[in-house]
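> quick one, what's the 3D model for this:
(one chain, ligands or ions: 1)
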Amino acid sequence: MTAKDKRFPLSLSSVVNQKDKASSGTNRHTAMPQTAMRNAAHHMSGVAAAKLAKSQEMHLPQGAVSGSLSPSLLSGPLVSDGVRRAMVARVAQQGVKDATVLAALQAVPRHLFLESGMASQAYVDASLPIGHHQTISQPYIVARMIEIMCNGSKLERVLEIGTGCGYQAAVLSVMVKEVYSIERIKALHELAKSNLRPMRIANIRLHYGDGMLGLPAQAPFDGIILAAAGIEVPQTLLKQLRVGGRLVAPVGGRNQVLQLIERVSTYEWNSSVLEPCHFVPLHSGVI
Ligand code: SAH
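Just a heads-up that it's a prediction; the model follows:
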């Protein structure tokens, strides 16, 4: 990381305070739970969650976060640190084990990706509306997909289909060297840009376009994550996976499952089904 990358145009606390202030008004929105696995998180008492968070904190390796996210973003004395730690503990309790993934989740201020009226719900383990009939993904599923894709390795180049508000791209940026993310809705592509800009994350490239076509000019990718569910994974994306690379995607209509596809040779892919999930649909074309 260069000295330039470490510079912050805005102090993070000023951004946090603005959003926190704005969110203190009436909150008319409700959380939209995303997968069948989320309930355990909601049934924990605040004390149990806090205890778990504390024990989790001790298990996170120092310096585990090695991406290009600014250090101030990782360690500032934020109001949201404690609630985020509790959220990370709940995600760990649901089965996410990779400490670097959990540390990345802890590093990214999810409330800064939500509109101010929704920020108070940012650390509920649920998907939440971001406009245009789309959602910010549930933290558990974000962590789970990244854990499966990375499989314990530090990946060089990763493609995300469905940038939305940019949250998962930010989490990925902590874990991998280069993140490419495509969004088909222009307004959300712009939203992600404005959410990510003040964070000065140097290793994310946002693209406006149809993610079903992938990014041939940047391929092959070590990993591909789809944040929207198609009836099947587009062939084009499978071909943009490096041999040895892993693609994780929700697949299906009303009943969706998380699918892992590994490219084992030039002409061979292995597929396995992991768990039920619920995502917004994958659509072709741009709007
Ligand atoms: N990654 C986001 C999740 C956004 S929801 C997060 O961090 O929370 C899924 C997104 O996929 C939506 O914004 C939707 O517009 C987008 N999407 C659906 N089909 C797409 C396609 N073919 N190409 C690119 N984006 C697509």
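> can I get whichever strand or helix holds residue 173 in CSV, CA atoms only?
Counting by DSSP states H and E, the element that carries residue 173 is helix 167-175. The C-alpha trace of helix 167-175 is given here as CSV (Å, rounded to 0.1, in the frame of the first residue of the first chain):
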residue,chain,number,x,y,z
TYR,A,167,-20.9,-3.7,0.4
GLN,A,168,-19.7,-7.1,-0.6
ALA,A,169,-17.1,-5.6,-3.0
ALA,A,170,-15.7,-3.7,0.0
VAL,A,171,-15.5,-6.9,2.1
LEU,A,172,-13.8,-8.6,-0.8
SER,A,173,-11.3,-5.8,-1.2
VAL,A,174,-9.9,-6.7,2.2
MET,A,175,-9.5,-10.3,1.3
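> and the following helix or strand past it with the ligand, contact?
Next helix or strand after helix 167-175 toward the C-terminus (DSSP H and E): strand 178-183. Yes: residues of strand 178-183 contacting the ligand under CB under 6 Å from any ligand atom: 182-183. Where you see a C-beta, it was placed from the backbone N, CA and C, and this is true even at glycine.
> so what strands line up beside strand 178-183?
Using DSSP bridges, the strands paired with strand 178-183 are strand 157-161 (parallel), strand 204-208 (parallel).
> which one of the ones you listed has the most crowded surroundings?
Most buried of those, by mean neighbour count (mean count of other CB atoms under 10 Å): strand 157-161, with a mean of 26.
> could you check the angle that strand makes with helix 167-175?
170 degrees (axes from the mean of the first three to the mean of the last three CA atoms, to 10 degrees).
> distance from strand 157-161 to the middle of the chain?
Relative to the centre of its chain, strand 157-161 is centred 11 Å away, using CA atoms, centre = their mean, to the nearest Å.
> what residues does that strand touch?
Strand 157-161 is contacted by residues 149, 168-169, 172, 176-182, 211-212, 214-215, 218-228, 237, 240, 282 when judged by CB atoms under 8 Å, 6 or more residues apart in numbering.
> pLDDT value on residue 55, please?
For residue 55, the pLDDT comes out at 32.
> er, residue 81 actually
Predicted confidence (pLDDT) for residue 81: 89.
> spell out which parts of this protein neighbour the ligand.
Near the ligand, when you scan the chain using CB under 6 Å from any ligand atom, you find 134-137, 161-165, 167-168, 182-185, 188, 210-212, 227-228, 280, 282-284.
> what segments of the chain are strands?
With strands called from DSSP state E, the chain shows them at 128-131, 134-136, 157-161, 178-183, 204-208, 221-226, 241-252, 256-265, 268-277.
> quick check: chain neighbours aside, which residue is closest to the residue most central in space within the chain?
Ranked by distance to the mean C-alpha position of the chain (CA atoms, centre = their mean), the top residue is residue 168 at 2.0 Å. Spatial nearest neighbour of residue 168, chain neighbours left out: residue 142 (5.0 Å); criterion: CB to CB, 6 or more residues apart in numbering.
> spit out the contact partners of the one you found.
Shown in contact with residue 142 (CB under 8 Å, 6+ apart): 105, 167-168, 171.
> pretty sure residue 169 is touching residue 195, no?
No: applying CB atoms under 8 Å as the test, residue 169 and residue 195 come out as separate, 9.5 Å apart.
> who has more neighbours, the two?
Using other CB atoms under 10 Å, the more surrounded residue of residue 169 and residue 195 is residue 169, with 29 against 20.
> skip the chain neighbours and tell me the closest residue to residue 216.
Distances taken as CB to CB, 6+ apart place residue 240 nearest to residue 216, at 6.7 Å, with adjacent residues excluded.
> what is the burial count for the one you found?
Other residues close to residue 240 by other CB under 10 Å number 21.
> residues contacting the closest residue to residue 83 other than its chain neighbours?
Nearest residue to residue 83, sequence neighbours excluded (CB to CB, 6+ apart): residue 123, at 4.3 Å. The neighbourhood of residue 123, defined by CB under 8 Å, 6+ apart, consists of 80, 83-84, 86-87, 110-111, 139.
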